[in-house]
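Visitor: Provided below are the primary sequence and the corresponding predicted coordinates.
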Amino acid sequence: MSIKNEMSSVLKEKFSPEFLEIIDESDKHAGHAGSAGFYGESHFKVTIISSKFCGLNQIERHREVYLSLHFIIKRIHALALTTKAPGE
């Protein structure tokens, strides 16, 4: 399973998002020190909207995502997050 698909599965299960977008930006980092990654997947941009983020600040939201993806983050170089509650 690709890292992108693995991330999607974990985030859907943990956060039941209203919206989830995972963009693999690894190709934009070719030649960069961390670009090799696992199966060539190294840089990701994630946007997630979930009611599980209601009442949490941005740091708490990011922490929750990092904790849910801890075993994946070890295998990539970069993860950019946009986390929102519905209506934001």
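Guide: Happy to help now that I have it.

Visitor: all contacts plus neighbour counts: C-alpha atoms, from now on.
Guide: Fine.

Visitor: the strands in this protein, which residues?
Guide: For the chain, strands defined by DSSP state E occupy the ranges 19-24, 43-49, 78-84.

Visitor: Need the winner for burial among these.
Guide: strand 43-49 (a mean of 19; mean count of other C-alpha atoms under 10 Å).

Visitor: can you give me the angle that strand makes with strand 78-84?
Guide: Orientation check (axes from the mean of the first three to the mean of the last three C-alpha atoms, to 10 degrees): strand 43-49 against strand 78-84 gives 10 degrees.

Visitor: what angle do strand 43-49 and strand 19-24 make?
Guide: Relative orientation of strand 43-49 versus strand 19-24 (the same axes, to 10 degrees): 180 degrees.

Visitor: For strand 43-49, what is the distance to the chain centroid?
Guide: Its chain's C-alpha centre and that of strand 43-49 lie 5 Å apart, by C-alpha atoms, centre = their mean, to the nearest Å.

Visitor: contacts for that strand?
Guide: For strand 43-49, the external contacting residues (C-alpha atoms under 8 Å, 6 or more residues apart in numbering) are 17-26, 29, 35, 76-86.

Visitor: Give me the contacts around stretch 57-64.
Guide: Here stretch 57-64 makes contact (C-alpha under 8 Å, 6+ apart) with 53, 81, 83.

Visitor: and the residue lying closest to residue 8 once chain neighbours are set aside, what does it touch?
Guide: Spatial nearest neighbour of residue 8, excluding adjacent residues (C-alpha to C-alpha, 6 or more residues apart in numbering): residue 22 at 7.3 Å. By C-alpha under 8 Å, 6+ apart, residue 22 lies in contact with 4, 8, 44-47.

Visitor: just residue 65 next, same as before
Guide: Going by C-alpha under 8 Å, 6+ apart, residue 65 touches residue 11.

Visitor: at 10 Å instead, please
Guide: By C-alpha atoms under 10 Å, 6 or more residues apart in numbering, residue 65 lies in contact with 10-11, 14-15, 46, 48, 59, 81, 83.

Visitor: What of residue 55?
Guide: 61, 85.

Visitor: at 8 Å instead, please
Guide: If a contact means C-alpha under 8 Å, 6+ apart, then residue 55 has no contacts.
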